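In: Provide a 3D model corresponding to the input given below.
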Amino acid sequence: MSSAELPGVFATLAPVLDRYGYLAVGGFVLLEDFGVPTPGETILIAAAVYAGAGRLSIALVVLIAWVAAVVGDNIGYAIGTYGGRRLVVKYGRYVLITEERLEKAGRFFERHGGKVVVVARFIEGLRQVNGIVAGTSAMTWRRFLFFNALGAALWVGTWSAVGYFAGSHITVIYQQVTRYSLYVAIAIALALLALIGRAVVRRRRRRTTSDAG
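Out: This next block holds a predicted model:
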């Protein structure tokens, strides 16, 4: 396969794949998953296209990408757990984030964080900070590890299969999915705002009832 056979934006990664192969896949995915701005998802798809043309093994692409994704998110989780929370508590007061509010956010993430961890894997922006947010929110590591591994498996499996079978049509498919993932991100943000608003309203009602009593 020549570099030109990778369509669109994927063609820019062809020289990297030609030279470093599986190492590039693992390195880019790992770095992206704890916040470093690298094209992890893009190189995963490009590697799958290569595998479809017989240049790489799809089994190794899937395995390496999955391990790198899990490890990368766990590095992000460690950053959030051992550094992020202290920084938020220290400087959060300037943006009205208190220790009490952070604890409430942690309890919310503990209840619903599993679904967030899985879904965030498919959304640009959320994927890169997923582990850091989970660590900052005090989600237990075992719970995070399970949902992180599940989300990584679904993400790697989906894009590897699409890249492997789509070949030269991958650019159009990727553009459409990316467009809809933005809508999903907006929907999640709106849902979170609605939950926060409902919690604020309920709290005010309880205060009003308590004062009236």
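In: The chain: helices as residue ranges?
Out: In the chain, the helices defined using DSSP state H lie at 14-20, 22-32, 40-52, 58-79, 85-91, 99-120, 126-136, 141-166, 170-212.
In: Would you mind pulling the contact partners of the third one?
Out: Where contact means C-beta atoms under 8 Å, 6 or more residues apart in numbering, the residues beyond helix 40-52 that reach it are 1, 5-6, 9-10, 13-14, 16-17, 22, 24-25, 28-33, 56-58, 61, 65, 68-69, 72, 124, 127, 156, 159-167, 170, 174. In this view, the C-beta of every residue, glycine as well, is placed from N, C-alpha and C.
In: The fourth one now?
Out: With C-beta under 8 Å, 6+ apart as the test, helix 58-79 has contacts from 22, 25-27, 29-35, 40, 44, 47-48, 51-52, 121, 129-132, 134-135, 141, 144-145, 148-149, 152-153, 155-157, 160, 164.
In: and the residue lying closest to residue 141 once chain neighbours are set aside, what pLDDT?
Out: Using C-beta to C-beta, 6 or more residues apart in numbering and skipping the chain neighbours, the partner closest in space to residue 141 is residue 77 (6.8 Å). Reading off the per-residue confidence, residue 77 sits at a pLDDT of 89.
In: Tally up the residues packed near residue 117, please.
Out: Here the neighbour count serves as a burial measure; for residue 117 (other C-beta atoms under 10 Å) it reads 28.
In: Would you mind writing the PyMOL command to select the buried ones in the contacts of helix 40-52?
Out: Command for PyMOL that selects the buried part of these, burial taken from 16 or more other C-beta atoms under 10 Å:
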select buried, resi 6+10+13+14+16+17+22+24+25+28+29+30+31+32+33+56+58+61+65+68+69+72+127+156+159+160+162+163+164+166+170+174
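In: Flag the shaky bits of this protein, pLDDT-wise.
Out: For the chain, the stretches flagged by pLDDT under 70 are 1-9, 84-112, 167-203, 207, 209-213.
In: now with 90?
Out: Regions of the chain meeting the criterion pLDDT under 90 cover residues 1-15, 17-18, 33-39, 41-42, 45-46, 49-56, 76-141, 143, 159, 161-213.
In: okay, now residue 205: neighbour count?
Out: If you count neighbours by other C-beta under 10 Å, residue 205 ends up with 10.
In: wait, residue 59
Out: 10.
In: any idea how far residue 128 is from residue 82?
Out: Using C-beta to C-beta, to the nearest Å, we find residue 128 at a distance of 19 Å from residue 82.
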